[in-house]
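Q: Okay, predicted coordinates and the sequence, questions at the end:
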Amino acid sequence: MPSTDFAELLEKHPPVEESLIEILHDVQLAHRYLPRPALVAVAAHCAVPLARVMSVATFYKAFSLEPKGEKVLKVCMGTACHVKGASQLLDEAERLLGCKCGETTADGRYTLEEVNCVGACAMAPLVIEDEQYHGKFKPVDMKLLLKAGE
Amino acid sequence: MVSKLMHVTPSKCTVCRNCELACAFSHMHGGKPTAARIRAFADDQQREGHHAVVVCMQCEEAGCVKACPAHALWRNPETGAIYHVEARCIRCQSCVAGCPFGNMRWEAAMEFPTKCDLCDGDPVCVKFCPTGALEHR
Amino acid sequence: MKLTLANIDGYRQELVTQRKELQSIMVCCGTGCRARNGLGVAEAMGEALEAAGLGDEVKVELTSTGCHGWCEQGPIVTIEPDGVFYTNVKPEHAGEIVAGFQSGHPVQKLLYRDLTTRERKVTYHEVPFYSHQTRWAMRNVGRISPTEIDHYIARDGYKALAKVLAGMSPAEVVDEVAKAGLRGRGGGGFDAGRKWRSAARASGSPKYIICNGDEGDPGAFMDRSIMEADPHGVLEGMIIGAYAIGATQGYIYVRQEYPLAVKHLEQAMADAREMGLLGEQILGSDFSFEIKIARGGGAFVCGESSALMRSIEGKVGEPRAKYVHAADKGLFDRPTVLNNVETFICVPLILDKGAEHFAATGTAGSKGTKAFSVVGKVNCNGLIEVPMGTTLRELIFDVAGGVPKGRTFKAVQTGGPSGGCLPESQLDLAVDFDTLADAGSMMGSGGLIVMDDRNCLVDVARYFVKFLVDESCGKCVPCREGLKQMLAILSRITQGEGRTEDLVAIDKLCDVLKDGSLCALGKSAANPVLSTLKYFRSEYEEHIRDGFCRAGVCGKLCSYHINEKCTGCAVCAKVCPVTCISGEKKELHVIDQGPCIQCGSCFDACRFDAIEIRSAP
Amino acid sequence: MSEIILNGRKVKVRKGEFLLAVARREGIEIPTLCQHDAVEPAGACRLCLVEVTRPEWEGWSKLVTSCLFPAEDGLIVSTDSAPVHKTRKGILELLMARSPNAVPVRELARQYGIEQCPYPVQHDGDNCILCDICTRVCQNLVTGAISRIDRGVGKRVATPFAEPSTDCVGCLACAKSCPTAAIPYEDEGLRRTIWGKTFEVASCAGCGAPTVTAEQAAWIEQSKGVSREDQLVCDRCKAQKTAAAYQKLAW
């Protein structure tokens, strides 16, 4: 990916360390992960060493250094979801997708993640496919959801 | 700077190396003259009065201080000596590289730089110099 | 148009007069209702209104609101000013709603049905979930469109700001907040007035004011609801705070998991700027103040104020020791005040109605109201705002309708990962900053997660420790290494490999965490474990001694069986994700233990008590 | 000048001075693993905990990290009370489980009477205790080639992508300030390898002895304004040159 792709994203932010996280958010939104040239470009733009960008990019869960699958399936692990059986949902998703939480399926279709509460606790337990929230989810619904995605 | 400085008079030096020994003993280097923070150099042709003693001049704008990234070199305003603070040192050797006169020494065995600290204002080397080639005034 | 101290009251009067004649059909488009097609409902309502061709004589406005905080009933449609309250609305209901609106006969089937009397309730004033509440922080939540600044202004918005700028000195504002007894609603409960006073007195400039909208506690979502539904309220509180302490720059730190909150806040800021309520010379006065939004990065520890400030600075969110207060050295080492969303939104109320009014509600040490997110095993999952000092029992049983499906209450977890689990015997405790702490828990930011007999408390303790292991920043030894060891021990117990001496080891680890950790995350990490050990010790012992999880949660310590009560309805077989339940229709069904994954779906689905939890074979 | 009571003794302090510095000046030993005078204190290892009490708040006492706690008039400080000892011991047990081979950890564990670690010990665990000295040194004082990656239990120190870093100048400051010798490096003659990157050490123009890496010399020149040529000669040869200059001056 040519670094010029990031020029537009970078321009919107003043070249100071304070912008670092905001820029990474923008890159993550645009590319769904943080490509390596972007990290290098951000370091140069904010005038901080690459190592510092790396520690920020790996500290915050919002950022990913690996490309994600076509769809991201998140199982909410908030407390309300947990007491209503979220871990069973995660087990079921792992079983059906054949990959562990945090991984991407071999065919690259799904990345399975857990999220620590999205604040929709009144609809617990919750599964989020890309931006779509599915509330009051049951283990048996997982099969249908994944089938609908095919 | 009102503090006293080291003065070397080469014509008086006999390369007896008492200064090196005194320094090495007083700075706990087990008396190894090679570890001394002061060095006497004999003239190539062994001509009397042509020898030289090299010791830190506690420069106003010191290369060692400039090069040190950790601010581990600090000048005592009373004695005018630049001290090396062990606890602040990160052992990167920048000071050794930074001193253009060779007065910042690297103690390889201890992985540590050493330098003349004017013995807190009363240099031992001066006291042991039999000819007055070294003066602190 | 630019508002000034001279014209704002007139402008508001005009709005109020205009809106008086107006009927508003309000569709909730908060995060929860969107998940259930709230946007589709809003669109269908628009079409239905157009199709109905209401004449000029009826003035109607269709608008969307932010989150009401009762998402499980969503999408919610309300009709103001009467307060007609429709729940579970689908796009196809739009025509009926408009017809009902025209005829004055509400659509019965969409009205909320009371849990006990089974009666339909027409307006939300009659619904117990709302009628028991005192909504101060959530005064505008669900009542206005968050993207219409005029809606906010018409409901006395920016009135307090005008009052402050027209006739109060910064010190007077601080005094008023102090007199109200406002304490930080984010969990710490620190006196806001005191914080403001120290920052006002601190030397150093510029000064900063930060709104903490990180809301990391899993199970709590009042701040999301407020930011989404009443963003101007948050802004107004911050602007007043900035004036009081002399700040020129503010930040709102919002979780990136809350994109709608960011959107609404951004819109609100742009509108406020446009009207002279934010930016240079606010309301024509000498006071100038700007706000920026900083998105969080998905790190629970950034809810901790010093970590949050590092995050705004573009750094890794590692906390610092707080021996020097943020009021003296906070963001960029400058004097800083940090309060959370719910605290800031109380500020305009205090300045508008007066400190005495605010302080008259609540308890001796905790003034005003508090929003709680009552979720889990209760009938009404949602946000409930009540006066401080309301008991847990009132909250869970009177307002939230108690535990569903006839199951029994087991515990309530309060205060998020820093809080604890309290049993039935503690339900008469009044909820405020101090009482719960004495019982081994804390009020925290107001999450109340209710659990019934199908929840395993050892598993819950393990859940919180696992959560904290994931979220620990890893800077200090007790938290990073201690939680790792704690998780190993608890996992062992839930897998049937627990040893009696494990409980002693847990106690010891809890001490190291409490006394040795750097920040509140580690210091309070022991609470969920200690409180479950204190109140539910027998459950730990049962796991260790008998290898049995009676709640049927720890998969290796339980098995599911069908007894003779089975009617052969086959509901269990339908919900089984691994299809391991078989049996002829109307005959006794059987669970094949081999493929069974102990998910418990069958147990929860069975209406005949025919499924039993026994120890693992 | 203010006064505190340190282990029962009245001690004069400057307001705001950190308790650890005061104690050390008074000859009182407080264990630390993450403290280095060259960098700001971090409060990460938690071993320097001491107990502070304020007489005016009766019965109030608290464990605080002495490396970060500013001295205040009237403060009563105890550097080795029972709670202090107990918590330090608890922390050391955790460190023993993580890095049983780290010499200072073992030494302190012995001092605090730990005979057997109560947790499963990672015998092959690395010596890094995440004290953060190396990254603070590199980030704040040198070029920022290394940083802490990830968070929580997965936290570790590395160069970007765990590859040889373009920022690293091979000064070895990280490895040499590490209290547990957890950063491996090779430094033999004119070759030096650290963080997967091999450097050539410039040889002295006079005698061929190793001096500093060309990368470090360039960095010192650029950031500190010290000429590169002076750096690439060993101290002995530089001294000899100085001697020659003296001799020339004298005649």
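A: In hand now; what should we look at? This is a predicted model, so every value here is computed, not measured.

Q: What is the three-state secondary structure of residue 118?
A: Here I'm looking at chain A. Per DSSP: H, G, I helix; E, B strand; the rest coil, the local secondary structure of residue A:118 is coil.

Q: same question, residue C:450
A: Under the three-state scheme (three-state DSSP), residue C:450 adopts strand.

Q: and the gap between it and residue C:133?
A: 17 Å (C-beta to C-beta, to the nearest Å). Glycine gets a C-beta too; all of them are placed from N, C-alpha and C.

Q: which of those two has more neighbours?
A: More crowded of residue C:450 and residue C:133, by other C-beta atoms under 10 Å in any protein chain shown: residue C:450, with 27 against 23.

Q: after the biggest strand by length in chain C, next one along is what?
A: Ordering each strand of chain C by length in residues (DSSP state E) puts strand C:369-376 first. Following strand C:369-376 in sequence order, the next helix or strand is strand C:382-387 (DSSP states H and E).

Q: Just the strands from chain A, written as ranges.
A: A:71-76, A:110-115, A:127-129, A:132-134.

Q: Which other helices and strands does the last one contact?
A: Contacts of strand A:132-134 with other secondary structure elements, assessed using 3 or more C-beta pairs under 8 Å, 6 or more residues apart in numbering or on different chains; DSSP states H and E, are made with strand A:127-129, helix C:31-35.

Q: could you give the mean pLDDT of the longest one?
A: Model confidence over helix C:31-35, given as mean pLDDT, is 86.

Q: residues in contact with it?
A: Applying C-beta atoms under 8 Å, 6 or more residues apart in numbering or on different chains, the contact partners of helix C:31-35 are A:118-120, A:122-123, A:132-135, C:27, C:41, C:67-68, C:71-72, C:74-76, C:224, C:228, C:258, C:260.

Q: So among these, which ones count as buried?
A: A:118-120, A:122-123, A:133-135, C:27, C:41, C:67-68, C:71-72, C:74-76, C:224, C:228, C:258, C:260 (16 or more other C-beta atoms under 10 Å in any protein chain shown).

Q: Show me which residues of chain B sit near chain A.
A: On the criterion C-beta under 8 Å from any C-beta of the partner chain, chain A has no neighbours in chain B.

Q: ranges for the strands of chain B?
A: B:6-8, B:38-41, B:52-55, B:73-75, B:82-84, B:105-107, B:112-114, B:134-136.

Q: Residue D:129: what's its closest spatial neighbour, skipping adjacent residues?
A: Distance criterion C-beta to C-beta, 6 or more residues apart in numbering or on different chains; nearest residue to residue D:129, sequence neighbours excluded, is residue D:99 at 5.3 Å.

Q: thought that neighbour was touching residue D:126?
A: Yes: proximity of residue D:99 to residue D:126 meets the contact threshold set by C-beta atoms under 8 Å, at 6.8 Å.

Q: Of those two, give the one with the bigger neighbour count.
A: Between residue D:99 and residue D:126, counted using other C-beta under 10 Å, the more crowded position is residue D:99 (23 against 15).

Q: Contact partners for that one?
A: The contact partners of residue D:99, by C-beta under 8 Å, 6+ apart, come to D:105, D:122, D:125, D:126, D:127, D:128, D:129, D:180, D:182.

Q: which one of these sits closest to residue C:501?
A: residue D:122 (20.6 Å; C-beta to C-beta).

Q: how near is the residue of chain A found nearest chain C to residue C:435?
A: Scanning chain A for the residue nearest chain C gives residue A:60, at 2.8 Å (criterion: C-beta to the nearest C-beta). Distance from residue A:60 to residue C:435, counting by C-beta to C-beta: 36 Å.

Q: Who has more neighbours out of these two?
A: Legend: neighbour count by other C-beta under 10 Å for residue A:60 and residue C:435, higher for residue A:60 (24 against 21).

Q: coming back round to it: between the contacts of residue D:99, identify the one with the most neighbours.
A: residue D:129 (26 neighbours).

Q: Now the residue nearest in space to the middle of chain B: closest residue in space that isn't a chain neighbour?
A: Nearest residue to the geometric centre of chain B (C-alpha atoms, centre = their mean): residue B:116, 3.4 Å. Using C-beta to C-beta, 6+ apart and skipping the chain neighbours, the partner closest in space to residue B:116 is residue B:56 (3.9 Å).

Q: what's the answer for residue C:515, then?
A: Using C-beta to C-beta, 6+ apart, the closest residue to residue C:515 is residue D:87 (4.6 Å).

Q: got the buried residues for stretch C:84-95?
A: Buried, per 16+ other C-beta under 10 Å, within stretch C:84-95: C:84, C:85, C:86, C:87, C:89, C:91, C:93, C:94, C:95.

Q: contacting residues for residue B:135?
A: Contacts of residue B:135 by C-beta under 8 Å, 6+ apart are B:6, B:7, B:8, B:9, B:126.

Q: mind checking pLDDT for it?
A: For residue B:135, pLDDT reads 93.

Q: what's the answer for residue C:257, then?
A: 88.

Q: And for residue C:115?
A: Confidence at residue C:115, expressed as pLDDT, is 85.

Q: What is the burial count for residue 124?
A: I'll assume chain A. 27.

Q: Wait, chain D was what I had in mind.
A: 7.

Q: Would you quantify the distance from the closest residue to residue C:454 other than its chain neighbours to chain B?
A: The shortest distance from residue C:454 to any non-neighbouring residue, by C-beta to C-beta, 6+ apart, is to residue C:551 (5.5 Å). Distance check for residue C:551 against chain B: by C-beta to the nearest C-beta, to the nearest Å, it reads 55 Å.

Q: ok, residue C:551 to residue A:85 distance?
A: 11 Å.

Q: Please apply the same query to residue B:17.
A: Residue B:17 is 84 Å from residue A:85, by C-beta to C-beta.

Q: likewise residue C:449?
A: 13 Å.

Q: can you list the residues of the stretch 451-600 of chain C near chain D?
A: Close to chain D, as judged by C-beta under 8 Å from any C-beta, the stretch 451-600 of chain C has residues C:469-478, C:480-485, C:488, C:505, C:508-509, C:511-512, C:515-518.
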